[in-house]
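S.K.: Mind folding the following:
(one chain, ligands or ions: 1)
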Amino acid sequence: MNKKLYFGTNLKMYKTISDTLDYLSKLANLTKDISRDSLELFVIPSYTSLVKASEIVDQNLIKLGAQNMNWEDQGQFTGEISPIMLKELNLDLVMIGHSERRHVFRESDIEENKKVLAALSHGFTVLLCIGETLEEKKFGVSEEVLRRQLKIGLHDIPVARFHQLWIAYEPVWAIGVNGIPATSEYAESMHRLIKECLSELFGEEAKQIPVLYGGSVNPENAEDLIVQPSIDGLFTGRSAWQAEDFNLLIRGSLLAYQNRISKADACK
Ligand code: PEP
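M.R.: Predicted coordinates for the structure are as follows:
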């Protein structure tokens, strides 16, 4: 079955406002001919870039998201950004629980849950990031960790809201400069588990929640990953930060996916 594929990047704390605007206009231009029926493209820049980015970007081509959000609407939370402030920017997407938020800033599953609930109630699409550490993988508890992150992170979400959820599976050991990419077989097995858990939480239809793989995605492994049946998209860091490279990675992946679908159809 042909499905829409998701490609996105988190710019972390790397690009200035002018770098971001330049990147976004190049990316929009390079990818504008690709039908958005088959592609959901999103970029998550720094907060400071979001104001201007939301003015210049056609979000039908590139959806913009925020890297984090507080669960309160306002209050004594110095340095935090509230859902109301993000809504003012005409944003639709917020990322919650990125591995660096969990491991550098020590955010807990309970805090991620408060953020998810607040974001959903304000009408955002939530990209919830989950993933086990290397230590947890070595102890053989990866599956338990993913289940815990999903069950606590998505606790108390009304079933009707599952349409607003995207999940990124990003094993901590696979992310960043020291990351070792997961094999496509390993990623597929974890994505299957995630979809199983989502359907336990929200019913069979929740298998439609897009589950993206992230962690050292690069031009060499992107195609193998995207053709896996339970992988709905790629959440890419370093390999996406030049618009030209990201465009090539997206096109190569879309083509690999199309070829897999055509082969499967021919075998019927
Ligand atoms: C990330 O940090 O979420 C990420 C996927 O980064 P990279 O692709 O650079 O490993």
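S.K.: Okay, and residue 115 sits in which element?
M.R.: helix 109-121 (DSSP states H and E).
S.K.: what's the distance between that helix and the middle of its chain?
M.R.: Here helix 109-121 is found 16 Å from its chain centre; the criterion is CA atoms, centre = their mean, to the nearest Å.
S.K.: Restricting to C-alpha, output it in CSV.
M.R.: Extracted C-alpha coordinates of helix 109-121, given in CSV (Å, rounded to 0.1, in the frame of the first residue of the first chain):
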residue,chain,number,x,y,z
ASP,A,109,8.6,10.6,31.2
ILE,A,110,6.1,12.3,33.6
GLU,A,111,7.2,15.8,32.4
GLU,A,112,7.0,14.7,28.8
ASN,A,113,3.5,13.5,29.5
LYS,A,114,2.5,16.9,30.9
LYS,A,115,3.9,18.6,27.8
VAL,A,116,2.2,16.1,25.4
LEU,A,117,-1.2,16.7,27.1
ALA,A,118,-0.8,20.5,27.0
ALA,A,119,0.3,20.4,23.4
LEU,A,120,-2.6,18.3,22.3
SER,A,121,-5.1,20.4,24.1
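S.K.: and that helix, what other elements does it pack with?
M.R.: When contacts are defined as 3 or more CB pairs under 8 Å, 6 or more residues apart in numbering; DSSP states H and E, helix 109-121 sits against strand 93-96, strand 125-130, helix 142-153. Just so you know, the C-beta spots here come from the backbone N, C-alpha and C atoms, and that holds for glycine as well.
S.K.: Out of the ones you listed, the one nearest the ligand is which?
M.R.: Checking these against the ligand by CB to the nearest ligand atom gives strand 125-130 as the closest, at 7.1 Å.
S.K.: could you check the angle helix 142-153 makes with the closest one?
M.R.: For strand 125-130 against helix 142-153, the angle by axes from the mean of the first three to the mean of the last three CA atoms, to 10 degrees is 140 degrees.
S.K.: can you tell if the helix or strand immediately after strand 125-130 in the chain touches the ligand?
M.R.: Downstream of strand 125-130, the first helix or strand assigned by DSSP H and E is helix 134-138. No. Helix 134-138 lies out of reach of the ligand by CB under 6 Å from any ligand atom, never closer than 14.0 Å.
S.K.: measure residue 18 to residue 62 for me?
M.R.: Per CB to CB, to the nearest Å, residue 18 is found 17 Å from residue 62.
S.K.: Mind checking which of these two has more residues around it?
M.R.: Neighbour tally, residue 18 and residue 62, criterion other CB atoms under 10 Å: the higher count belongs to residue 62, 20 against 10.
S.K.: Just the pLDDT for the more buried one.
M.R.: Note for residue 62: predicted pLDDT of 98.
S.K.: contacting residues around it?
M.R.: When contacts are counted by CB atoms under 8 Å, 6 or more residues apart in numbering, residue 62 touches 24, 27-28, 31, 41-43.
S.K.: gap between residue 90 and the ligand?
M.R.: Residue 90 sits at a distance of 24 Å from the ligand (criterion: CB to the nearest ligand atom, to the nearest Å).
S.K.: Please report the distance of the nearest residue to that residue once chain neighbours are set aside from the ligand.
M.R.: In space, residue 90 comes closest to residue 54 once its chain neighbours are excluded; the distance is 5.2 Å by CB to CB, 6 or more residues apart in numbering. Going from residue 54 to the ligand by CB to the nearest ligand atom gives 22 Å.
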